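> Below are the sequence and a predicted model for it; my questions follow.
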Amino acid sequence: MKRLFVNIIIVYAFFINANAISVDSISTTYNDGIFNTQYLTKTKVSGEIVNSVTNDLVSDFHNSSSELFNWALKDLGLQNEGNELIIILKSSFHDVKTNITHGLFDIEVPYFKTFSDVKVNAIVSKSLNNGVTKVNANIIYSSLLLDNCQATLYIIPQKNKELYLYTNVKIKFGWFFNIFITKRRYKSIVEWRVKQFSKNMKEECELRQNKIIAH
């Protein structure tokens, strides 16, 4: 009964947020040092495809984080691509016992400074409740860059066999980057990346669906 109640709350919260933004539009609010970005898009693929893509998202994050830059994190201005903030993954290790992935990054602020060996620990998990697929990434530790961050992707089926892909990201930066990243700069550093990630997930789902249809 408790799990059912939680599921109802999740879906209800989604529809409240979905009604606040239109499909393929992005919205960011700022309150008490926390940026909250939401992006909503839709597609039409099978549940099997969604399961395959989200499984690979979690698996690659745990076991082959660099592989994500070829699809889920493609074109996000990372790995030495020009931008106001460049994040370079140096290494990652997934501890199976704790389910924590330990990442090591260099963070470059062009023409200012490069912060080397920034540690980021995250827990990424996937769940399926009442037909709603949820992939959650929780940053539990970050030296310098973040105070806390939680990113959640909901994939919610509709009656017309379409799917909503709803991404909700909450970020509170560490003391230095909280000064550096103003509300205006946030749009050029973070907001568009949230949208691009969602589009990448949508495109990967549709690519796999089209391959099945073609065969």
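Received, thanks. Numbers count the residues shown, from 1 in each chain.

> now what about the longest helix anywhere in the chain, what contacts it?
As assigned by DSSP state H, the longest helix anywhere in the chain is helix 192-214. Helix 192-214 is contacted from outside by 26, 37, 39, 41, 43, 45-46, 49-50, 52-53, 57, 71-77, 151, 153, 163, 165, 167, 169, using Cβ atoms under 8 Å, 6 or more residues apart in numbering. Where you see a C-beta, it was placed from the backbone N, CA and C, and this is true even at glycine.

> Against residue 61, how distant is the spatially most central residue of the chain?
In the chain, the residue lying closest to the centroid (Cα atoms, centre = their mean) is residue 151, at 5.0 Å. The span separating residue 151 from residue 61 equals 11 Å under the rule Cβ to Cβ, to the nearest Å.

> circling back: in the longest helix of the chain, what counts as buried?
Neighbour-count burial for helix 192-214 flags 192-202, 204-205, 208-209 (criterion: 16 or more other Cβ atoms under 10 Å).

> which SSE is residue 155 in?
strand 146-157 (DSSP states H and E).

> same thing with residue 171?
Counting by DSSP H and E, residue 171 is found in strand 163-173.

> can you check residue 62 too?
With DSSP H and E as the test, residue 62 turns up in helix 47-63.

> now the next helix or strand after that helix: how far from the chain's centre is it?
Sequence order places strand 86-95 as the next helix or strand after helix 47-63, per DSSP H and E. Relative to its chain's centre, strand 86-95 lies at 16 Å (Cα atoms, centre = their mean, to the nearest Å).

> Return the list of strands paired to strand 86-95, each annotated with direction.
Here strand 86-95 is paired, per DSSP bridges, with strand 100-109 (antiparallel).
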